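A.B. asks: take a look and give me a structure for this.
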Amino acid sequence: MLVNVLDEPLADAYRQIVSDFMKENPDIEVNLQLPTSGYENSMKVKMAANDLPDIFDTHGWAKVRYGNYLADLRNEPWVGQLTDSIQTVVTDDSGKVYVLPLTEAKDGLMYNVDVFEKYGIEVPRTFDELVSAAMKIKQDSGGKTTPFYLSGIDDSMIGQYFDEFASPLLITYPNNQAQALLDGTFDWSQWTPLPQSLIDLQQKGLINEDVLTAKRSDLPNLFGNGNVAFALGGPALVTAVHNINPDVKIGVMPIPAFVEGDDPTFAGGERNTLGIWKDSKYPEEAKKLLQFFAKPENMSKLSNISMTPAGLKDIETNHDLTPYYEKYAQARVFPYFDRVYLPNGMWDVLCKTGTELIAGRITPEQYSETMKTEFERLSKK
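C.D. replies: I've put the predicted structure just below:
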């Protein structure tokens, strides 16, 4: 039985769990593969050939990209334990369950707790409060601490800004734009405040001046030394920072609200998953392995290493971000914007057009026009 998973930080844990499984089930041979690069392109080739691994990680795209290739897991014993925030992500309207979510994304803004304490900063609840906090940090630090760090070389950091703040701008409040985006009637001029917000941050000097030439790999050192206050994305940053400065305190907050009267939210969805190929020759063995992964001790291990919430309820965790996930347990979690409201291929548009914006080669209005054009083009594919 072939198992393909994607996540180098969890590699050793995967190996140990599979090894334990084979000890308990000596009649089942598991070939675990952990590709370090090219996973997505490799899976596209396998889909085209209709020759997929027996079990594989859907890396955020269980329903949209891999749905037609996955077996229905609705009758598995762990299904009743799916967390409220992940259940709708991995289940469709007919009740089909696509994957076992080992861990789920619950991403917001990572922040340097030491910097907050030093300058008396409260966790911001709105975007305006976020800007005010950033201005105070820059001013009180004498410019030593840059509030936000982005990289034009690794433009996914710029894409992340738009992907995380798009939902607070357009989705997370009543009378939102969700249906208009889904049915193709969305007025893309309403996207313009988002690129304008990034330009405003840049003009206020709240983003690193070298954004176009900055490298993602420099962020952990800058963050760990107190030179950066906020970072977008997931908790992998915690490990990278603590490899440099184990004493720095790092927290995670929900994404501040963009619209008046709204509340902060997290961007969520799949993180690490296991789905079964519907044409696998070993469906029962595959289900047995998923049941083994779903054991509380295994779910807890994966959650603690990745520092992300488990995809099943009542899993005890004890890692650096556990207190923050518990503190914000009532904050709503919305799927990542691009995974629901944008056609395949739009991620590159978010990243590259955002870089053009920061470089001053296009205006916020032109960014919105590009989004409209590319949305319509890619929706036809």
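
A.B. asks: tell me which element residue 89 is part of?
C.D. replies: Assessed by DSSP states H and E, residue 89 sits inside helix 84-90.

A.B. asks: quick check: what element follows that helix along the chain?
C.D. replies: strand 100-112.

A.B. asks: okay, the angle between the helix or strand hosting residue 133 and strand 100-112?
C.D. replies: Using DSSP H and E, residue 133 maps to helix 127-140. If you take axes from the mean of the first three to the mean of the last three CA atoms, to 10 degrees, helix 127-140 sits at 40 degrees to strand 100-112.

A.B. asks: give the other helices and strands that helix 127-140 contacts.
C.D. replies: helix 113-119, strand 146-148, helix 193-203, strand 228-233 (3 or more CB pairs under 8 Å, 6 or more residues apart in numbering; DSSP states H and E). To be clear about C-beta, it is placed using only N, CA and C from the backbone, and glycine gets the same treatment.

A.B. asks: how far off centre is the first one?
C.D. replies: Okay, so that is helix 113-119. Distance, stretch centre to chain centre, for helix 113-119: 25 Å (CA atoms, centre = their mean, to the nearest Å).

A.B. asks: which parts of that helix are buried?
C.D. replies: Residues of helix 113-119 classed as buried: 113, 114, 115, 116, 119 (neighbour count, 16 or more other CB atoms under 10 Å).

A.B. asks: between these, which sits nearest residue 92?
C.D. replies: residue 113 (39.5 Å; CB to CB).

A.B. asks: where do the helices sit along the stretch 251-381 of the chain?
C.D. replies: Secondary structure of the stretch 251-381 of the chain (DSSP state H, counting those that start in this stretch): helices located at 283-293, 296-306, 322-327, 337-341, 346-358, 364-379.

A.B. asks: for residue 214, which of the ones you listed is the nearest?
C.D. replies: helix 346-358 (10.8 Å).

A.B. asks: burial check on residue 212, number of neighbours?
C.D. replies: 16 (other CB atoms under 10 Å).

A.B. asks: how much space between it and residue 152?
C.D. replies: 4 Å (CB to CB, to the nearest Å).

A.B. asks: same question for residue 61.
C.D. replies: Distance from residue 61 to residue 152, by CB to CB: 26 Å.

A.B. asks: what do you get for residue 180?
C.D. replies: From residue 180 to residue 152 the distance is 31 Å (CB to CB).

A.B. asks: circling back to that earlier point, buried residues in the helix holding residue 133?
C.D. replies: So for helix 127-140, counting by 16+ other CB under 10 Å, buried means 127, 129, 130, 131, 133, 134, 137, 138.

A.B. asks: where's residue 200 relative to residue 230, distance?
C.D. replies: 15 Å.

A.B. asks: these two - which one has more neighbours?
C.D. replies: Set residue 200 next to residue 230 and count neighbours by other CB under 10 Å: residue 230 wins out with 22 against 13.

A.B. asks: wait, that one touches residue 134, no?
C.D. replies: Yes. Checked against CB atoms under 8 Å, the pair residue 230 and residue 134 is within contact range at 7.2 Å.

A.B. asks: any residues in contact with both of these two?
C.D. replies: Overlap of the contact sets of residue 230 and residue 134 (by CB atoms under 8 Å, 6 or more residues apart in numbering) consists of 147, 148.

A.B. asks: OK, contacts around residue 72?
C.D. replies: Taking CB under 8 Å, 6+ apart, one finds 96, 97, 98 in contact with residue 72.

A.B. asks: now residue 184
C.D. replies: Counted by CB under 8 Å, 6+ apart, residue 184 has contacts 376, 379.

A.B. asks: quick one: pLDDT of it?
C.D. replies: Predicted confidence (pLDDT) for residue 184: 92.

A.B. asks: ramachandran coordinates for it?
C.D. replies: phi 80, psi 10 (degrees, to the nearest 10).

A.B. asks: and what of residue 175?
C.D. replies: phi 50, psi 50.

A.B. asks: so how many other residues sit close to it?
C.D. replies: Neighbourhood size, residue 175 [other CB under 10 Å]: 6.

A.B. asks: separation between it and residue 128?
C.D. replies: Taking CB to CB, one finds residue 175 at 21 Å from residue 128.

A.B. asks: just the pLDDT at residue 8, thanks.
C.D. replies: 73.

A.B. asks: and it, how far is that from residue 168?
C.D. replies: Taking CB to CB as the measure, residue 8 falls 31 Å from residue 168.

A.B. asks: for residue 321, same thing?
C.D. replies: Counting by CB to CB, the gap from residue 321 to residue 168 is 21 Å.

A.B. asks: looking at the two, which is more packed in?
C.D. replies: residue 168 (25 against 20).

A.B. asks: next up, the contacts around the nearest residue to that one once chain neighbours are set aside.
C.D. replies: Of all residues not flanking residue 168 in the chain, residue 258 sits nearest, at 3.9 Å (CB to CB, 6 or more residues apart in numbering). Applying CB under 8 Å, 6+ apart, we find residue 258 in contact with 126, 127, 165, 168, 169, 193.

A.B. asks: turn those into a markdown table, columns for pLDDT and distance to residue 89.
C.D. replies: Supplementary listing: the contacts of residue 258 in a markdown table, determined by pLDDT from 0 to 100; distance: CB to CB, whole Å:
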| residue | pLDDT | distance to residue 89 |
| --- | --- | --- |
| 126 | 98 | 26 |
| 127 | 98 | 25 |
| 165 | 97 | 20 |
| 168 | 98 | 18 |
| 169 | 98 | 21 |
| 193 | 98 | 27 |
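
A.B. asks: residue 153 contacts residue 219, doesn't it?
C.D. replies: No. Between residue 153 and residue 219 no contact is recorded; they are 11.7 Å apart, counting by CB under 8 Å.
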